[in-house]
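> What follows is a predicted protein model with its sequence.
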Amino acid sequence: MGDQEAFNGFLPAFLFQTGIPTIEECKKEMRRIILFYNTERPHMSIGNKTPEVAHAEDGAQKRCWRNPWNKPVLSVAPG
């Protein structure tokens, strides 16, 4: 699961648990959380940079995560 998917799963649960009373207060809190997530919180999957810094860089990002679906195939010798 990538950072974005993790965040998308976390945010609704967090907002539900906080018991924010109005839609406007919820929107304000969401903007605050998203701003923090994009500008202050480093992400391991992009080399411990913030998404804001990584997005501003030119070129491809260095891959800092493993894909669990790309496991090496182990062969078993016959016999």
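Sure thing, it's come through.

> Check which helix or strand the closest residue to Thr39 other than its chain neighbours maps to.
With Cβ to Cβ, 6 or more residues apart in numbering as the criterion, Thr39 has its nearest non-adjacent residue at 4.8 Å, and that residue is Glu52. C-betas here are computed from N, CA, C, even on glycine. Secondary structure assigned from DSSP states H and E places Glu52 in helix 51-56.

> hmm, who's touching that helix?
Outside helix 51-56, the residues within contact range by Cβ atoms under 8 Å, 6 or more residues apart in numbering are 3, 37-39, 43, 46-47, 61.

> Ranking by neighbours, what's the top pick from those?
Per-residue neighbour counts (other Cβ atoms under 10 Å) across the contacts of helix 51-56 peak at His43, which has 21 neighbours.

> Run through the bridge partners of that residue.
Applying DSSP bridges to His43 gives these bridge partners: Lys49.

> can you pull the contacts of it?
3, 49-51, 54.

> which among those gets closest to Gly19?
Asp3 (26.2 Å; Cβ to Cβ).

> returning to that earlier point: to what extent is the residue nearest to Thr39 buried, counted in neighbours?
12.

> Please report how far it lies from Leu11.
Distance of Glu52 to Leu11, computed by Cβ to Cβ, to the nearest Å: 18 Å.

> ok, now Ile34?
Taken as Cβ to Cβ, the span from Ile34 to Leu11 is 8 Å.

> Could you check which of these two has the larger neighbour count?
Neighbour totals were compared for Ile34 and Leu11, and Leu11 leads with 15 against 12 (other Cβ under 10 Å).
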